[in-house]
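Q: Turn this into a structure:
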Amino acid sequence: MAHPLDALYALGLTAASPWLAWRAFTRGRDGYLRLLAGYPCPPRSGAAPLAWFHGVSLGEVNLLATVIRAFRARHPDWQVGITASTPAGMAEAGRRFAGDSLVACFCWDFTWQLERVFTAWNPSLVILAESQLWPNWLRLARKRGVPVAVINGRMSPKSAAGWRKRAWLARRIFPGVHSWAVQDPSMADTLSAMGVDANAIAVTGSVKFDGAKGDTGQPLLAALRAQWGVSEGAPVWVAGSTQEQEEPLILDAYLRLRKRFPELRLVLVPRQPDNFEASARRLVELGIPFLNRATGACIPAGSSPHVLLLNTTGELGAAWGLGTVAFVGGSLDGKRGGQNPIEAAAFGLPVCFGPHVWNFQDITRQLIGAGGALWVAAQGDVAQHLADCLGHWLEYPAEAQYLGRRGQEFVARQQGATDRTLDFLQARGLIPPAPGARVAG
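A: Numbering: from 1, shown residues only. This next block holds a predicted model:
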């Protein structure tokens, strides 16, 4: 049965339908009818309990991989279902989980889409990654008696301020979550201020630390190195999770650095798949030869490119291992709020990013405090600021390696959030003790 929220959602989609139609035509994205109707859901089999994990997009699906692996090890008798909302998230979920889990696309918070999954899977538990709270989802879970947990929860300062201004709304939505495993005390404080029971909150740290292994022996890293033809020890700058507005600055800085370091190579990794074509066009317009990772083609043909355009999804985690120095994007234009620097630090790279990192405020502050990263100014000649920072590390490799070790040690000290999260869910009665585990008392 539909809910008044469905009418509001449908009204919003209808207002956006011209843009959705254009996006569907130009980018192959879901159009109005698909977002409204949703996707079919594969049915479960057997009577074993099922945990339904949800990650909105690629980043959340990647962190869920670490949690699901540990969950399966503790509870091999449970079934697992995974949903995602974006094409990149769905592709990664299918790649990682389709062999041994149920995978479905959850587009929008419409009652009929949710009922389809609830009916097909009949979950015993819903686990949401990070901070996506869907009112209809929480309402239907409560109606069906299915507890909902948020793991790796985080809020940017802007989001926290927004919830505090709308405390009346938070007090209606937040009680729909049974348990909150959050990354840092600031989110715990926000939840407490909104009336969430302190017993329902635990600061467990960031699961992303556990997924950052810095594995230099992984096959994907070897495949990237072989395709590009780069030897170990060659100077490589990895610019990861870049936004479209940042890439002109990155490429400008790279061209300046090449004058000082002619052998310097660049790995350019756009954050959004929608920007892959624009990144390729920009390289062509600047006359910079590059290797197209997706097609394997050198552009122009016959060139020996010093730039690798990583226009694929799910490979940045390995590509950091190609690097000598790192820049983490989404941090210069003041719109995105930064991206995750943990994986780069785990490989022992000195890391820099711009000042706009509010989505990873605690992590970036701690990484800088540990001596593993630096901020780059986003005012004045930003390309030169970037070139100066990276150029200093390239000129003084011993200093760069020292910063890299400090960052790597910091990441190692933070690991263990996955076990703390599952222990908390067990203590809250959402999952049973692992077979053979000792029970206190």
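
Q: Below-threshold pLDDT in the stretch 301-441 of the chain: ranges please.
A: 436-441 (pLDDT under 70).

Q: any idea where the strands of it begin and end?
A: Remark: strands assigned in the stretch 301-441 of the chain by DSSP state E, counting those that start in this stretch are 307-309, 325-328, 351-353, 373-375.

Q: Compare those strands and report which one is nearest to Val207.
A: strand 325-328 (18.1 Å; CB to CB). Backbone N, C-alpha and C define where each C-beta goes, glycine included.

Q: what packs against that closest one?
A: strand 236-242, strand 351-353, helix 382-395 (3 or more CB pairs under 8 Å, 6 or more residues apart in numbering; DSSP states H and E).

Q: can you give me the angle the last one makes with strand 236-242?
A: Meaning helix 382-395. 140 degrees (axes from the mean of the first three to the mean of the last three CA atoms, to 10 degrees).

Q: domains in this protein, as residue ranges please.
A: Domain ranges of the chain: 42-211+416-427, 219-414, per automatic domain parsing.

Q: circling back to that earlier point, may I see the helices and strands packed on strand 325-328 organised as a markdown table, with mean neighbour count and distance to Leu221 added?
A: As requested, the helices and strands packed on strand 325-328 are exported to a markdown table (neighbours: other CB atoms under 10 Å; distance: least, CB to CB, whole Å):
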| stretch | mean neighbour count | distance to Leu221 |
| --- | --- | --- |
| strand 236-242 | 26 | 12 |
| strand 351-353 | 26 | 18 |
| helix 382-395 | 19 | 21 |
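
Q: Out of these, which gets nearest to Ala51?
A: Nearest to Ala51, of all the helices and strands packed on strand 325-328, is strand 236-242, at 28.9 Å by CB to CB.

Q: Next secondary structure after the closest one?
A: Counting by DSSP states H and E, the next helix or strand C-terminal to strand 236-242 is helix 247-260.

Q: Need the residues that contact the next helix or strand along the chain from that following helix.
A: Later in the chain than helix 247-260, the nearest helix or strand by DSSP H and E is strand 265-270. Residues outside strand 265-270 that contact it (CB atoms under 8 Å, 6 or more residues apart in numbering) are 228, 230, 234-244, 247, 250-251, 254, 276, 278-279, 283, 290, 306-311, 315-316, 319, 322-323, 329.

Q: Kindly report the same for stretch 420-432.
A: Contacts for stretch 420-432 (CB under 8 Å, 6+ apart): 51, 67, 70-71, 74-75, 78, 125, 127, 147, 149, 151-152, 178-179, 181, 200, 202, 204-205, 207, 433.

Q: Stretch 194-210 now?
A: 63, 66-67, 151-152, 154, 163-164, 167, 170-171, 174-175, 177-185, 188, 191-192, 340, 342-343, 363, 411, 414-418, 420-421, 424, 428.

Q: Among the contacts of stretch 420-432, which lie within strands?
A: Ala51, Leu125, Ile127, Ala149, Ile151, Asn152, Ser179, Ala181, Ala202 (DSSP state E).

Q: how about the nearest residue to the second one, chain neighbours excluded?
A: With sequence-adjacent residues excluded and distances taken as CB to CB, 6 or more residues apart in numbering, Leu125 is closest to Ala51, at 4.8 Å.

Q: any low-confidence regions in the stretch 1-150 of the chain?
A: If you take pLDDT under 70 as the line, the stretch 1-150 of the chain has these spans: 1-2, 9, 13, 16-17, 19-37, 107.

Q: so how far is stretch 4-16 off the chain centroid?
A: Put simply, stretch 4-16 sits 28 Å off its chain's centre (CA atoms, centre = their mean, to the nearest Å).

Q: For that stretch, output the C-alpha coordinates as PDB.
A: The C-alpha coordinates for stretch 4-16 follow below in PDB (Å, rounded to 0.1, in the frame of the first residue of the first chain):
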ATOM      1  CA  PRO A   4       1.900   9.900   1.500                       C
ATOM      2  CA  LEU A   5       5.700   9.900   1.200                       C
ATOM      3  CA  ASP A   6       5.400   8.100  -2.100                       C
ATOM      4  CA  ALA A   7       3.300  10.900  -3.500                       C
ATOM      5  CA  LEU A   8       6.000  13.400  -2.400                       C
ATOM      6  CA  TYR A   9       8.700  11.300  -4.000                       C
ATOM      7  CA  ALA A  10       6.700  10.900  -7.200                       C
ATOM      8  CA  LEU A  11       6.100  14.600  -7.400                       C
ATOM      9  CA  GLY A  12       9.800  15.300  -7.000                       C
ATOM     10  CA  LEU A  13      10.600  12.800  -9.700                       C
ATOM     11  CA  THR A  14       8.000  14.200 -12.000                       C
ATOM     12  CA  ALA A  15       9.500  17.700 -11.600                       C
ATOM     13  CA  ALA A  16      12.900  16.300 -12.400                       C
END
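
Q: can you give me phi and psi for the closest residue to Val307 other than its chain neighbours?
A: Once flanking residues are discounted, Val307 sits nearest to Phe290: 4.0 Å by CB to CB, 6+ apart. The phi and psi values for Phe290, taken as degrees, to the nearest 10, are phi -150, psi 160.

Q: Please give me every residue in contact with Phe290.
A: Leu268, Ala280, Leu283, Cys298, Ile299, Pro305, Val307, Leu308, Leu309.
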